[in-house]
Each structure stands twice: as C-alpha cells, then as structure tokens.
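Peer 1: Structure for this input, please:
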Amino acid sequence: MAKSEYTYVRDFERPDNLLPSTWLVVRIDGQGFSNFTKNHQFTKPNDIRALHLMNRAAKMVMESMVEIVLAYGESDEYSFVFSKKAKAYDRRASKIATLLVSKFTAAYVFYWSEFFADTPLKELPAFDGRVVEYPSDRIMRDYLCWRQVDCHINNMYNTCFWLLVNQGGMSQQDAEKRLKGTFAKDKHELLFSEFGVNYNNEPEIFKKGSVLLRSLVPIDMTDKDGNSIVREKKVVQIEHCDIIRDRFWREHPGILGETSQ
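Peer 2: Numbers count the residues shown, from 1 in each chain. The predicted structure follows:
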C-alpha cells in the first residue's frame with residue numbers, strides 16, 4: 001500500500017485476531033425472514049425448497065473455504081465450524097465473518113431460481129453473522145448439541161402450531177394459547193390424537209436439521225493412456241442425522257482428527 005501523509009488513519013484500525021488453537025464457529029442468521037418467508041409464500045411449518053436452498057448455499061461456502069470442517073443448518077440459520085488450526089485471514093474475526101456472510105448471501109440469491117423456479121425473488125435476503133471461539137472439543141460439540149436441540153424444539157412446536165391453524169381452524173393467537181405451557185409429550189399426544197400424525201415419522205431434515213461434512217468418495221477417472229482408474233476425493237456431503245450422541249463422532253473421526261488436544 002502506497003504511503004502518503006494520510007496513511008496515519010490506519011492507526012485507528014483495531015486488531016481483531018481470534019485466539020489461536022480454538023474452534024471458530026461462524027453462525028449466520030436470516031434478517032427479517034418472517035416477512036421474507038411471508039412475501040415469498042413459504043410453506044409452513046417447513047418449506048423443503050427453502051431448506052434445500054440453504055443447504056446449497058452452505059455447501060458452496062464450505063467448498064470455497066477449506067478450513068471449515070463441519071456445518072450445521074436449521075430453518076434460516078447456519079453454523080460453520082473452522083478447525084482449531086485454521087489460519088484463514090490471520091484469524092481476523094471481521095474478515096472471516098464478513099466474507100462468509102457475503103458468500104452465503106450471494107449463493108442464496110444465485111441458486112434461488114433452482115429451488116423457486118415459479119417464484120421470482122421479490123426482495124433481497126439478508127443475513128447477519130458472528131464469530132465465537134470455543135476452547136475445547138467438548139464445548140464445540142455442546143454448541144452443536146444446543147443448535148440441534150433448538151431445531152427439534154422449534155420444529156415440534158411449529159408442526160403443532162400450523163396444524164392447529166391450517167387444519168384445526170384456530171387463529172394464530174388461539175393456537176399460541178393452546179400450546180402455552182405444553183411439554184413434548186403433550187405435543188406428541190396432540191399431533192397423534194387430533195391429526196393422526198406420528199411425530200417420529202416426520203422427515204429427518206425437519207427434526208434434526210442438516211449436517212455438512214467432508215467425505216472421501218471414489219471418483220472414476222481416466223489416465224493419460226486411457227485406462228480407467230478410481231481415485232478418492234474429498235467432497236462436501238449433506239446428512240440429516242443425530243450429532244448429539246457419540247456415534248456420529250466415532251463414525252467421522254476426521255472432523256476432530258489432528259486438531260484434538
């Protein structure tokens with residue numbers, strides 16, 4: 001950068017480097033998405049097109065930022081987990097967060113027509129983002145548990161709420177009153193006895209959210225002599241699974257891998 005008499009203004013910039021050897025989690029959230037979903041007539045309680053669009057945008061982000069080891073999404077939010085050893089942008093919080101949010105938002109707009117072919121984009125979607133440091137594997141995993149439990153609680157409530165409104169003929173205010181103070185067992189009973197819905201049979205993407213991780217997959221290739229060969233390549237894949245129990249982490253040891261301490 002060229003020096004001039006005005007270079008002194010850089011002294012006002014504050015360093016925002018994140019701590020070394022910590023997990024970095026960037027969580028993005030849709031801004032004003034209640035109105036956005038209403039204006040674009042999203043299906044309630046879950047619009048599968050919207051969830052697939054969120055996953056597509058998140059996949060693009062993860063493919064372009066190789067130090068992301070896992071991502072988890074539900075509704076209009078996504079959490080991206082960077083390795084403890086990540087060195088992206090010298091671990092500057094503002095750089096990481098702003099770049100990730102801008103990539104995600106751009107991808108959301110870019111891929112919109114693939115999932116909403118008959119619905120023109122009427123307004124620009126917006127997302128905010130924040131970076132949080134987690135010092136241990138356990139705390140990072142507990143963060144993800146928190147988000148998946150949140151997904152389950154919100155989805156069960158919303159499933160009951162919109163059935164009461166759309167099929168039960170209740171107003172939204174009355175549906176809120178009906179569900180106030182209820183527990184999970186009460187909601188299970190309401191769904192089954194009044195609407196014949198077994199919540200356990202609801203799609204996993206609704207109940208558990210979406211998990212993006214890197215997996216080795218065989219790729220058919222041809223060498224310079226025209227011979228067919230099979231190589232393994234890491235690709236970003238999407239699963240809808242339990243990330244709370246230890247089984248997930250045993251089946252995917254590479255997520256923690258060498259970053260564990």
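
Peer 1: My reading is that Ile139 lies in a helix. Confirm?
Peer 2: Yes. Under DSSP: H, G, I helix; E, B strand; the rest coil, Ile139 sits within a helix.

Peer 1: contacting residues for it?
Peer 2: Contact analysis of Ile139 by CB atoms under 8 Å, 6 or more residues apart in numbering lists Trp23. C-betas here are computed from N, CA, C, even on glycine.

Peer 1: Then Tyr199?
Peer 2: With contacts defined as CB under 8 Å, 6+ apart, Tyr199 is in contact with 156, 159, 187-188, 191-192, 207.

Peer 1: Repeat the analysis, applying 10 Å as the threshold.
Peer 2: Counting by CB atoms under 10 Å, 6 or more residues apart in numbering, Tyr199 touches 152, 155-156, 159-160, 184, 187-188, 190-192, 206-207.

Peer 1: Could you write out the alpha-carbon coordinates of stretch 246-253 in CSV?
Peer 2: C-alpha atoms of stretch 246-253 as CSV (Å, rounded to 0.1, in the frame of the first residue of the first chain):
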residue,chain,number,x,y,z
ASP,A,246,-21.1,-40.1,20.4
ARG,A,247,-21.9,-42.4,17.5
PHE,A,248,-21.7,-39.6,14.9
TRP,A,249,-18.2,-38.5,16.1
ARG,A,250,-17.0,-42.1,16.2
GLU,A,251,-18.1,-42.6,12.6
HIS,A,252,-16.5,-39.3,11.5
PRO,A,253,-13.2,-39.1,13.4
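
Peer 1: what sits up against it?
Peer 2: Counting by CB under 10 Å, 6+ apart, residues outside stretch 246-253 touching it are 69-70, 137, 141, 144, 211, 213-215, 239, 241-243, 255-256, 260.

Peer 1: Measure how far it is from the centre of its chain, please.
Peer 2: 19 Å (CA atoms, centre = their mean, to the nearest Å).

Peer 1: Please identify the buried residues of that stretch?
Peer 2: Applying a neighbour-count criterion of 16 or more other CB atoms under 10 Å, the buried positions in stretch 246-253 are 248, 252.
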